[in-house]
Structures are given as structure tokens and as C-alpha cells.
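Novice: Need the 3D shape of this:
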Amino acid sequence: SGGTYVYIERAFGPLFGTISGLGLWIALVLKCAFALVGIGAYVLVVLDMDSTAVTKSVGLGFLFVVFLLNIVGAKKAGSFQSYAVLIAVLVLIALFVLGIQNMDQTTPFFAKLQDDTVKLAGYKELVFAVAFVYLSYSGVTKVAAIAEEIKNPNKNLPLGMILSLFIITAIYILISFVLTANVSLEELANNYNPIHTLALDLNISSFEINEIHVVGASIAFIAVLTLLSTVNAGVLASSRFPFAMSRDGLLPEFWSQVHKKFLTPINTIAITCIAIALVVLFLDVFEIAKLASAFKVMMFVSVNLAVIVLRETAAQWYQPKYKSPLYPWIQIFGIISGIFFLVFLGMTPMLAIFGIFILGAAIYYSYGKNVMRSGVLKNYGHRPALSIFGKKDQTKTEIAQDIKTASSKLDPKIASDAGAIVPLLGNETSPEMLVEMAAAIQSKNKIQALNITEIPNQTDLDAFLKDSPIENSLKRRLSRLSDSQKLTVDFEAVVTHELSDTINQLSSQSSCEWLVMGWDGRPTTGIFIVNPIGWLLANINSNLALYRDNGVRYVGKVLLALRPGRKDKNFIGIAKNVCEYFGASLTLLHVVSKTSATTETIKHRSEEKLKQSEVDANVLIVKSSDPVETIAETSASYDLLILGTPEKDNWIKVLFGGGQDRFTERAACSVLRITLKD
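Specialist: Numbers count the residues shown, from 1 in each chain. The predicted model follows:
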């Protein structure tokens, strides 16, 4: 339960989750109130009455019916919904067929009513109209709030939402077309029952009973049924937002209590209906629509951002069965257009949104601040962001305290004296090759391999106590590798809610020299490169080795590509260890500009460093204006390319990747990227 709220909360954390949950709830409350006012208007037009008080009283009466319907369960509410929607769609199709035959072709297609005069409308009127009716399309996403109550949601949710969107859009366009072509703008102005007016203007039938137009009354009844289904769906969905927030610890348990017999969240349903009733009684219908549209636009912008955050941070637990086409352009368009529409809705909705932020933050800090869960953006984004914008370096005392705290949190089965830790996240081409790389670069003999599974916060860790077949297979394969290569390799399976924190704790062990991880390189989809350097460097307290496995199983020739710098000796020493482990030859490569006049000097210095490190290697100096292409071509003659990565990158490199990312992507052999901590 929770739908959109769950997406935003998991992406941005409980603070923004509280704000979004409150905003989504209020948006649907306003939409239900808007529909109830419409129900009252249609009932009164049939009875030939005109009273605001009676309109609201009729709406509240129907609200009580919806309240009872939702108490008995989603299944019964859903059955009513299906029949109501089917009847409404059939009637609307019939109205379109009749209306298209009788339309006045002299009516301006793009017009507005100003000072009782019909004039051509401009782009401002169009944009305002789009923003104003945004509310009408929000029902498409309501179903996500009751995902727990849907069969096979992975398939049925996206299919149902997409089909509904296309069908609703087609119906809205066609009915709006025949409505404006058959009914004058003067009649439509301030008209709360336009479908009934359309039926009367079409002169479908003049048959009356007791002075009541039968066809018009029938159309009004269908309109009431349609609006009632809107209210029913709104109550069904909106009541699940505070219910989900309560289960997440952001609201008191009172909000998540369920009816003992019907198993429905009775308290949230009751509070939601009370809130709807208050809106009907005290707010103007025009302001209701504007506020509801503004809240829905804000939430759509937020959920588009959430999708981008979840996709770009590559959270391990986020494995959706359905992925949006044309990603990320649809999401970017949704964000930009949403902000654009908010501006056109005026200052009042903007102030209301600001008020929701204040109220949501107040609820969080007064009740939900003790929730230990954090959002994906915080887990994968805040530390690199701080390092980009000038995070102060920790003192030695702080680092020592971090190491002590981390060591106390680790599973006692995990070896505390391992020189290299190899986290296995499930996407490695060859875990054995990754472990061998760890053995090659470290000075100690002990390696700790960990199969780490990240699960959503709402899932209990105890549900994953039993070893999976994959874990049993990894244990067997690494045990065989340990025996054949005379290595000490310990293997454990770890389940966590916070992958980055777990890696931070593992790397903080006092004996850990290296964290060695597999990496597939640059992804083919996404706005940014999923650059692990960005968040790994800010989360670990050991040296980092990222290994891209391009399928090489025999390492006989190693290419070390470096820019001349202060850590050359360190990288040369690591390359020496790798060559000794695999029995490989080493070549040191420097790519210089075509106009460089210092090639002989660079070569001489490199040979001196190799000699000082007691390394037998060739030195290769290549002049080129395109280092990426040069290294890619050169790597075709080697089995392993070793690159040095700077410990600190600027924000552009963290988000979009630097030269090493392009080298890694283009290399013809496997790549080992080394980052050394000071």
C-alpha cells in the first residue's frame, strides 16, 4: 500500500516521505470533494433546484455511502467501480456519436469567453486549462496505492495504468470536442453539469415524465454514477497513504489499525471521509480544483524525480519488472512541464504547497524523526555530494572511532583479519577472477568474500537467513579456488538494508587494505554514468580496486597506463604484485601530446622508478591527441589494463565520469582501476 508515497519515501527518505504522503492524501481529498460537489449539482438539476446548501448536503450523503462501501473491503468497492466505469464509458461514446452529427461548424475551435464576448484564446489560456484539468488525469495513478490488493501487480499495474491513460485521454478529447461544438461558451461558463446540458442541447428526446426530461435525467444519473466512482476510488486510494505512513513509523499506530472483520484500514478511511466533508462544506469548488491540481502536479514532479534517483543510484533491491520507455526523457519532460504548470496556477496553490512542506516537516520532526531508515538518495548521494562541495576531512580520532564502531557492528563470522574484502553483488562475470585479483594486489594471504544482498527497508532481514542455491554455489566454487591456488578465502552471505553503510563498515576494519569489487562499466541507459567512484570513495576507509571483467581468463601481459605523478611508485608496486601472481610481463604506458618535447625525459624517469621498484618492465611512450583511442588500441595486445584513479574527483567527473570511465569502456582487455587512500 502507498503507491506514489512509497516511491518518494524510499528515494528521498522519511522526511520527504512524510511531506509527499501528506500532499498525496490532501490532493485526493480535494479531488473527492470536487467530485461530490459535481454530484450535488447533477442531482439538483434533475430536481430543478438551485441551492448551494442542498448541493453540499447531497454530496455529503453520497460520501457516507462511499464510506460504508470502503469499510466492507476493496473487492466490493472494486466491483462497484467496474460496473460504474463500464456504463459511463458506453454512455459517453453514445453522446459523442450523436454530438458529432449535430455540431455547429461555425463555432471557433480555440476560443475563450471574455466580458460576455467570444474571443480567440492564447497560449496562456491553454496552459492554465491544462494545469487546471490535471486533476482529471490523476485517477490513473490511484490504483498504485492499493498494489497489495491487486493480483499479479507487476503485470497488471503498468498495463492497467497505461491502457487507462490512453482510453481516458481519448474520451476526454472527444467529449470536450463535441461539447464545445454543440454548447455555447456562454452556457458552459460556470456550468457544473455540462454533460446534462449537452444532452439537452442535442435534443435527443423531448419525452418527459412529471416535467422531468427523461434522457437528460438519465445522462445526469450516469454522470452521478461516474463521479461517485471517482469519489469511491479516491477514498480507497487516499486512505492508504496515511496507512502506509503509519506502518513506516511516520504516524501513530492508530492510523494503521484494520477492521477485525473486513480487514480494511477503518481509522484512515474514517478520517479521510471527515476531511473530505470539511472541504465540501467550507471551500469554493473552483479553489478546490486549483489546489487539488497543484498538489497532484507537485507529486508527479516528485515521483518523476524518484524514478530517476532509483534508476541512477542503481539500488540493489530496486529491480522493477516494468521499466519506462524513453527513459529518462519522459521523466525529464514530466518534471519541467510540471514546474511550468505550477507557475500558471497562481500564488495561492504555491503557498498551499509551501504550507504542506511546513506541516509535513513538523509531523516528521515531532513524531517520525526516530525512524532509522534513510532514502536511496541519502545512502548513495549525500556523501559524494559533501565531498564534491568541500566536506572537511575527518581527523584521525574520528576515523579511529568510525573503525571501532564499524568493527563492533560486523557479523562475528566475518574475518576481522582479512587483508582484502571482496563484496559480491550478484552481477560479477566471474567471482573467482575477482578473488584472484584481490589475492594479487594485497600483501596478506587472507581474503574475505561476501555475497551481499540489499533488501527494501520494509522486508525483515530474518526472511533471508536460509542460504540460497546461488550462495551455496559460490561457497563451493571459492572453496575449490582456495585449495587450488593455496589461498585463504572465507565466504559469508550478508543481507542488509543499507548497502553503502555495510561497505563502509567492512572497509573500516583496521586490517583491511583493499576493497575489491566488480564493475560492468558504463551502462547504456541513464542520464549519468553509474559511477561507483562517486559514492565509494566517500564511503570506504581502505584502498579501492574496481575490476571490469572482459572475459580474459589467462593474464600473461599487463599494461599499466599512468600519468606521471607522485604515486607512480605505488601503482608500479601494485602492478608488480599482479604480474608476480599471474606470471605476467609488464609494460608501463605514458600517452603524451603530439607536441610534447619531453618524451625522453619522461621515459628516463619512468625507467628510474621501475629500477628503484626492482621491476622488470618495458616503457612505452606514445604521442597522441586522443588518449582514449590510443589506450583502447594498445590494450588489444594485452590481457589486463591497470589504471590509476584520483582519490577526489570534481562534481562533473562524479556525475558523468572522467577519462578513466572512457578508458574502461573502450578497453579491449579486462581493466583494473586502482584508487589509493592517503
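Novice: For the stretch 51-200 of the chain, just list every one of the strands.
Specialist: Remark: strands assigned in the stretch 51-200 of the chain by DSSP state E, counting those that start in this stretch are 111-114, 117-120.
Novice: By mean pLDDT, show me the worst of those strands.
Specialist: Of all the strands of the stretch 51-200 of the chain, strand 117-120 carries the lowest average pLDDT, namely a mean of 55.
Novice: for the stretch 501-650 of the chain, what spans make up the strands?
Specialist: Using DSSP E, counting those that start in this stretch, strands in the stretch 501-650 of the chain cover 514-518, 543-548, 557-561, 585-592, 617-623, 640-644.
Novice: can I get the CA coordinates of the longest one in PDB?
Specialist: Yep, that's strand 585-592 we're talking about. C-alpha atoms of strand 585-592 as PDB (Å, rounded to 0.1, in the frame of the first residue of the first chain):
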ATOM      1  CA  SER A 585      55.100  -9.400 -18.200                       C
ATOM      2  CA  LEU A 586      54.600  -5.600 -17.500                       C
ATOM      3  CA  THR A 587      54.600  -2.600 -19.800                       C
ATOM      4  CA  LEU A 588      54.400   0.900 -18.500                       C
ATOM      5  CA  LEU A 589      52.500   3.200 -20.900                       C
ATOM      6  CA  HIS A 590      52.500   7.000 -21.000                       C
ATOM      7  CA  VAL A 591      50.400   8.900 -23.600                       C
ATOM      8  CA  VAL A 592      51.700  12.400 -24.200                       C
END
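Novice: Find out how far that strand is from the centre of the chain, if you would.
Specialist: 42 Å (CA atoms, centre = their mean, to the nearest Å).
Novice: for the stretch 501-650 of the chain, what spans make up the helices?
Specialist: 532-539, 568-582, 599-612, 627-635 (DSSP state H, counting those that start in this stretch).
Novice: cool, and the stretch 201-350 of the chain?
Specialist: 214-238, 240-247, 266-282, 285-313, 329-344, 347-366.
Novice: Who are the packing partners of the first one?
Specialist: Pointing back at helix 214-238 there. helix 14-46, helix 52-71, helix 74-102, helix 194-201, helix 266-282 (3 or more CB pairs under 8 Å, 6 or more residues apart in numbering; DSSP states H and E). Quick note: C-beta positions are derived from backbone N, CA and C, even for glycine.
Novice: Relative to residue 477, which of those is closest?
Specialist: The closest of the helices and strands packed on helix 214-238 to residue 477 is helix 14-46. By CB to CB, the value is 40.0 Å.
Novice: what's the most buried one of the helices of the stretch 501-650 of the chain?
Specialist: helix 532-539 (a mean of 22; mean count of other CB atoms under 10 Å).
Novice: Quick one: low-confidence residue ranges for the stretch 251-400 of the chain.
Specialist: 313-317, 370-400 (pLDDT under 70).
Novice: so how far is residue 353 from residue 39?
Specialist: 27 Å (CB to CB, to the nearest Å).
Novice: who has more neighbours, these two?
Specialist: Neighbours of residue 39 and residue 353, each counted by other CB atoms under 10 Å, are more numerous for residue 39; the result is 27 against 19.
Novice: Can you verify my assumption that the more buried one contacts residue 229?
Specialist: No - Residue 39 lies out of contact with residue 229 (CB atoms under 8 Å); the separation is 10.7 Å.
Novice: most neighbours per residue, which of the helices of the stretch 201-350 of the chain?
Specialist: Highest mean neighbour count among these (mean count of other CB under 10 Å): helix 240-247, a mean of 26.
Novice: I'd like to know which elements it is packed against.
Specialist: helix 4-12, helix 14-46, helix 266-282.
Novice: if you set the cut-off to 7 Å instead, what comes out?
Specialist: In terms of contacts (3 or more CB pairs under 7 Å, 6 or more residues apart in numbering; DSSP states H and E), helix 240-247 is packed against helix 4-12, helix 14-46.
Novice: for these, which one sits closest to residue 96?
Specialist: Using CB to CB, those put helix 14-46 closest to residue 96, at 19.1 Å.
Novice: now residue 37: how far from residue 24?
Specialist: Taking CB to CB, one finds residue 37 at 21 Å from residue 24.
Novice: My error: substitute residue 593 in the last question.
Specialist: 56 Å.
Novice: Tabulate the helices and strands packed on helix 214-238 in a markdown table, adding columns for distance to residue 674.
Specialist: Listed next are these as a markdown table, based on distance: least, CB to CB, whole Å:
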| stretch | distance to residue 674 |
| --- | --- |
| helix 14-46 | 37 |
| helix 52-71 | 60 |
| helix 74-102 | 55 |
| helix 194-201 | 69 |
| helix 266-282 | 54 |
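Novice: Relative to residue 292, which of the ones you listed is closest?
Specialist: The nearest among these, by CB to CB, is helix 14-46 at 3.5 Å.
Novice: The closest one vs helix 240-247, what angle?
Specialist: 150 degrees (axes from the mean of the first three to the mean of the last three CA atoms, to 10 degrees).
Novice: quick one: average confidence on helix 14-46?
Specialist: 84.
Novice: Just give me how far that helix sits from the chain centre.
Specialist: 25 Å.
Novice: swap in stretch 151-161?
Specialist: 18 Å.
Novice: pLDDT score for residue 582?
Specialist: Reported pLDDT for residue 582: 93.
Novice: do the same with the one 10 residues further on
Specialist: Per-residue confidence at residue 592 stands at 84 (pLDDT).
Novice: Please name the residues that touch it.
Specialist: Applying CB atoms under 7 Å, 6 or more residues apart in numbering to residue 592 gives the contacts 599, 602, 621, 623.
Novice: Pick the one among those closest to residue 641.
Specialist: Closest to residue 641, out of all of the contacts of residue 592 and judged by CB to CB, is residue 621, at 16.8 Å.
Novice: still on that earlier bit, could the contacts of residue 592 be laid out in a markdown table, adding distance to residue 507 and pLDDT?
Specialist: Below are the contacts of residue 592 laid out as a markdown table (distance: CB to CB, whole Å; pLDDT from 0 to 100):
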| residue | distance to residue 507 | pLDDT |
| --- | --- | --- |
| 599 | 39 | 81 |
| 602 | 34 | 84 |
| 621 | 36 | 89 |
| 623 | 39 | 88 |
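Novice: Spell out which two among these are the most distant pair, please.
Specialist: Across those, no pair lies farther apart than 602 and 623, at 11.0 Å, counting by CB to CB.
Novice: separation between the residue sitting nearest the centre point of the chain and residue 552?
Specialist: In the chain, the C-alpha nearest the mean C-alpha coordinate belongs to residue 307, at 2.5 Å (CA atoms, centre = their mean). For residue 307, the distance to residue 552 equals 36 Å [CB to CB].
Novice: looking at the helices of the stretch 201-350 of the chain, which is closest to residue 568?
Specialist: It is, among the helices of the stretch 201-350 of the chain and with distance given as CB to CB, helix 285-313, at 33.7 Å.
Novice: Would you mind pulling up the elements that that closest one packs against?
Specialist: Looks like helix 285-313 contacts helix 4-12, helix 14-46, helix 123-132, helix 134-137, helix 329-344, helix 347-366, helix 376-377 (3+ CB pairs under 7 Å, 6+ apart).
Novice: Output those as CSV; include the columns distance to residue 578.
Specialist: CSV is the format used below for these (distance: least, CB to CB, whole Å):
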stretch, distance to residue 578
helix 4-12, 39
helix 14-46, 45
helix 123-132, 60
helix 134-137, 58
helix 329-344, 42
helix 347-366, 50
helix 376-377, 35
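Novice: Those: which one's closest to residue 439?
Specialist: So among these, helix 376-377 is nearest, using CB to CB, at 33.1 Å.
Novice: sorry, back to before: adding distance to residue 665, write the strands of the stretch 501-650 of the chain out as JSON lines.
Specialist: Below are the strands of the stretch 501-650 of the chain laid out as JSON lines (distance: least, CB to CB, whole Å):
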{"stretch": "strand 514-518", "distance to residue 665": "15"}
{"stretch": "strand 543-548", "distance to residue 665": "9"}
{"stretch": "strand 557-561", "distance to residue 665": "14"}
{"stretch": "strand 585-592", "distance to residue 665": "17"}
{"stretch": "strand 617-623", "distance to residue 665": "19"}
{"stretch": "strand 640-644", "distance to residue 665": "12"}
